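In: Sharing a model that was predicted from the sequence below.
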Amino acid sequence: MKKKLWIILAVAGAAVALGLKWHGRESETPEFQDARVTRGDIEITIMATGVAQPQNRLEIKPPIAGRAEDILVREGESVKKGQVLAWMSSVERAALLDAARAKGPGELAHWEDLYKPTPLIAPLDGLIISRNVEPGQSVAAQDAVLVMSNRLIVKAQVDETDIGKVKPGLRARINLDAYPQENLEARVDHVAYEAKTVSNVTVYEVDVAPQRVPDFLRSGMTANVVFLAASKRDALLLPAEAVRQDDGGASVLLPNPSGKKRPISKEIQTGLTDGKKTEIVSGLSEGDTVLVRTFKMPGQAEAPQTSPFSPLGRGRAGGGGGGRAQRGR
């Protein structure tokens with residue numbers, strides 16, 4: 001008897017649930033909002049994070065152990081290939097000069113003229129990024145007296161899902177955490193061939209070279225990099241939620257010219273989309289009005305139907321091109 005009672009209650013509960021669901025569907029009222037085709041610019045971007053560092057880091061070491069007599073450059077100073085950066089004395093010369101100095105200025109001048117110091121020469125044009133030794137300090141042959149770089153770049157880590165869109169020469173913008181108000185125009189200089197795994201994510205290192213290296217850029221600064229994967233100026237645009245995508249292609253809903261409530265579906269060709277705006281390649285003209293489907297439940301305000309191809313949906317619009325703004329990994 002108790003078992004039959006449970007069965008009856010279960011069936012009754014299921015019937016009530018189905019009734020409520022059907023009532024909810026019947027209560028949904030399809031509504032439409034107008035959207036107009038406008039002209040504007042659209043950009044498809046890829047976002048990544050990176051760190052400023054020397055593209056080529058070169059340590060300047062003495063040919064022999066000894067003492068630094070004079071350091072002629074400072075950190076941040078630009079130097080030319082062949083420029084003398086420092087003067088070094090070997091251990092023997094340093095000992096000889098110390099003995100001559102004890103005998104007087106004349107003896108010291110004699111040996112300084114006879115026994116010349118060894119110059120450290122800049123092997124290339126570049127920037128002094130580190131000065132590790134001061135005059136009078138002893139140095140070993142393996143000690144780096146100075147560190148040079150030919151230029152500073154940003155090494156960005158790009159997710160493997162986006163690396164196919166990043167090519168040498170691609171435009172980019174660099175924004176430094178230390179100077180958020182500054183945007184540096186840049187281009188991709190090199191894309192690594194070997195991947196790395198960072199926090200269980202596969203990434204590729206991309207060298208991004210600023211077109212102009214500002215004085216405030218320092219090695220080790222963190223940066224956000226925006227790669228301009230594609231862009232279109234003065235394009236015909238619609239809100240992304242106004243475009244419907246299916247296996248047959250892209251389409252929009254147009255007002256019925258006969259005045260009937262049921263709208264007319266029209267096929268169109270789309271181009272770029274950033275998840276918010278979609279480029280219209282053909283099928284519509286500037287100023288055309290399309291309908292965006294919304295649903296209003298009883299007692300609820302109207303809300304536009306989210307396109308499954310916008311960032312809030314399950315995918316992204318395709319059309320004749322595509323892309324998305326992405327997070328750095």
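Out: Now that the structure is in, tell me what you want to look at.
In: so residue 46 sits in a strand?
Out: Yes. Under DSSP: H, G, I helix; E, B strand; the rest coil, residue 46 sits within a strand.
In: Go ahead and confirm it touches residue 165.
Out: Yes. Using CB atoms under 8 Å, residue 46 makes contact with residue 165 at a distance of 6.1 Å. Where C-beta positions appear, they are placed from N, C-alpha and C, glycine not excepted.
In: who's more crowded, those two?
Out: Between residue 46 and residue 165, counted using other CB atoms under 10 Å, the more crowded position is residue 46 (27 against 15).
In: hey, what's that one bridged with?
Out: Residue 46 has these beta-bridge partners by DSSP bridges: residue 227.
In: how near is it to residue 208?
Out: Taking CB to CB, to the nearest Å as the measure, residue 46 falls 12 Å from residue 208.
In: again with residue 221
Out: In this view, residue 221 and residue 208 are 13 Å apart by CB to CB.
In: quick one: which of the two has more around it?
Out: residue 208 (26 against 18).
In: buried stuff in the strand or helix carrying the more buried one?
Out: Residue 208 belongs to strand 201-210 when assigned by DSSP states H and E. For strand 201-210, the neighbour count (16 or more other CB atoms under 10 Å) marks 203-210 as buried.
In: which stretches of the stretch 151-300 of the chain form strands?
Out: 152-159, 171-176, 183-191, 196-198, 201-210, 222-239, 244-246, 249-254, 264-273, 277-282, 289-296 (DSSP state E, counting those that start in this stretch).
In: want to try CSV for those, with distance to residue 88 and mean pLDDT as columns?
Out: Shown next, in CSV, are those (distance: least, CB to CB, whole Å; pLDDT from 0 to 100):
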stretch, distance to residue 88, mean pLDDT
strand 152-159, 27, 96
strand 171-176, 36, 97
strand 183-191, 35, 96
strand 196-198, 39, 92
strand 201-210, 33, 96
strand 222-239, 36, 94
strand 244-246, 69, 88
strand 249-254, 70, 91
strand 264-273, 59, 91
strand 277-282, 62, 94
strand 289-296, 75, 80
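In: Quick one: those as a markdown table, columns for distance to residue 124 too.
Out: Formatted as a markdown table, the strands of the stretch 151-300 of the chain follow (distance: least, CB to CB, whole Å):
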| stretch | distance to residue 124 |
| --- | --- |
| strand 152-159 | 15 |
| strand 171-176 | 24 |
| strand 183-191 | 17 |
| strand 196-198 | 28 |
| strand 201-210 | 16 |
| strand 222-239 | 25 |
| strand 244-246 | 53 |
| strand 249-254 | 54 |
| strand 264-273 | 42 |
| strand 277-282 | 46 |
| strand 289-296 | 59 |
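In: The ones you listed: which one's closest to residue 99?
Out: Across those, residue 99 has its closest neighbour in strand 152-159 (44.9 Å, CB to CB).
In: thought residue 169 was touching residue 188?
Out: Yes. Judged on CB under 8 Å, residue 169 makes contact with residue 188 at a distance of 6.3 Å.
In: So these two - more neighbours on which side?
Out: When residue 169 and residue 188 are compared for neighbours, residue 188 comes out ahead with 20 against 7, by other CB under 10 Å.
In: so who does the closest residue to that one other than its chain neighbours touch?
Out: What sits nearest to residue 188 in space, not counting adjacent residues and going by CB to CB, 6 or more residues apart in numbering, is residue 170, at 4.4 Å. For residue 170, the contact set (CB atoms under 8 Å, 6 or more residues apart in numbering) comprises 187-188, 227-229.
In: can you pull out the helices in the stretch 51-200 of the chain?
Out: With DSSP state H, counting those that start in this stretch as the criterion, the stretch 51-200 of the chain has helices at 91-103, 105-114.
In: looking at those, which is buried most?
Out: Scoring those by mean neighbour count under mean count of other CB atoms under 10 Å gives helix 91-103 as the most buried, with a mean of 14.
In: which other helices and strands contact that helix?
Out: On a contact count with 3 or more CB pairs under 8 Å, 6 or more residues apart in numbering; DSSP states H and E, helix 91-103 meets strand 66-71, helix 105-114.
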